[in-house]
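Enquirer: Fold the following, please.
(2 chains)
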Amino acid sequence: GNSVTQMEGPVTLSEEAFLTINCTYTATGYPSLFWYVQYPGEGLQLLLKATKADDKGSNKGFEATYRKETTSFHLEKGSVQVSDSAVYFCALSDLDSGAGSYQLTFGKGTKLSVIP
Amino acid sequence: DTGVSQDPRHKITKRGQNVTFRCDPISEHNRLYWYRQTLGQGPEFLTYFQNEAQLEKSRLLSDRFSAERPKGSFSTLEIQRTEQGDSAMYLCASSLEGATYEQYFGPGTRLTVT
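Expert: Next up is the predicted model:
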């Protein structure tokens, strides 16, 4: 079956520090990969995505590269801000062999706190 | 485009009662998903509709749970005889067809069973 493993949190960084949140996956097929973010009191928002090997997704200064050889999709940002404080979820979408669902499989989430 | 909406946002119920949640997807999206998120965990897939057809159900969806999507528009998720273990955030998402089409999530309905 499919699974996503991401680094345990919480992660606390000072403003302008470099961020890496590790994510590795197991999939039966050739998945699309996503990072979602959940700000306090809000719903899940798509942060970035990549659909094939070596694709780099990027948004709001965040980046992640689809590494098929290491089955990884690590999230990085060069300089975090207080407003980046949120929970980050790595997820994959794979064609289910049954009904054609592209259901998402999520990691457990990593809580990031950025202090001034 | 007003995004995915869910109603209610919060529901507190007593054990044994039935509850129903509603999800209104983005209007042109033909795919609709329900997920459940418990504290400290990522969302877990419950069920999926393509238009009005419910095509996939997770083993997490016990026979106390039922979902519908009449006419392929809004969807409802009903939980009968609620248990304390049903307390969670219930998320709805919609998308266009295809693995590369991202799912857009609603704000969720937080259920507390006392």
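
Enquirer: so what's B:Ile12 bridging to?
Expert: For B:Ile12, the beta-bridge partners are B:Thr112 (DSSP bridges).

Enquirer: Can you name the residues that contact it?
Expert: B:111-112, B:114 (CB atoms under 8 Å, 6 or more residues apart in numbering or on different chains). Heads up, the C-betas are built off the backbone N, CA and C, glycines and all.

Enquirer: Is B:Lys71 located within a strand, as I assumed?
Expert: No: counting by DSSP: H, G, I helix; E, B strand; the rest coil, one finds B:Lys71 to be helix, located in no strand.

Enquirer: how much space between it and B:Thr13?
Expert: Distance, B:Lys71 to B:Thr13, by CB to CB, to the nearest Å: 28 Å.

Enquirer: okay, the two: which has more neighbours?
Expert: The residue with more neighbours, out of B:Lys71 and B:Thr13, is B:Thr13; 16 against 7, by other CB atoms under 10 Å in any protein chain shown.

Enquirer: Distance of the residue of chain A found nearest chain B relative to B:Glu28?
Expert: Using CB to the nearest CB, the single residue of chain A nearest to chain B is A:Phe106, 3.1 Å away. Remark: distance between A:Phe106 and B:Glu28 (CB to CB) = 25 Å.

Enquirer: hang on, isn't B:Leu77 packed against B:Phe21?
Expert: Yes: using CB atoms under 8 Å, B:Leu77 is in contact with B:Phe21, at 4.8 Å.

Enquirer: higher neighbour count, those two?
Expert: B:Leu77 (24 against 21).

Enquirer: ok, now which ones touch that one?
Expert: B:20-21, B:23, B:34, B:46-47, B:65-67, B:90, B:92.

Enquirer: if we can go back for a sec, touching both of B:Leu77 and B:Phe21, which residues are there?
Expert: Common neighbours of B:Leu77 and B:Phe21 (CB under 8 Å, 6+ apart) are B:90, B:92.

Enquirer: Leaving out chain neighbours, which residue sits closest to residue 66?
Expert: Going with chain A. In this structure, A:Tyr66 finds its nearest non-sequential neighbour in A:Ala50, 3.9 Å apart by CB to CB, 6 or more residues apart in numbering or on different chains.

Enquirer: think we crossed wires, I meant chain B
Expert: Closest to B:Ser66 by CB to CB, 6+ apart is B:Glu78, at 5.0 Å.

Enquirer: on that earlier part again, what's the residue of chain A closest to chain B in contact with, if anything?
Expert: A:4, A:36, A:89-91, B:42-44.

Enquirer: at 10 Å instead, please
Expert: A:3-4, A:6, A:34, A:36, A:44, A:89-92, B:35, B:37, B:41-45 (CB atoms under 10 Å, 6 or more residues apart in numbering or on different chains).

Enquirer: quick revisit: wait, what's in contact with the residue nearest to A:Tyr66?
Expert: Counting by CB under 10 Å, 6+ apart, A:Ala50 has contacts A:31-35, A:56-58, A:63-67, A:73, B:100.

Enquirer: Can you verify my assumption that B:Leu46 contacts A:Gln103?
Expert: Yes: checked against CB atoms under 10 Å, the pair B:Leu46 and A:Gln103 is within contact range at 9.1 Å.
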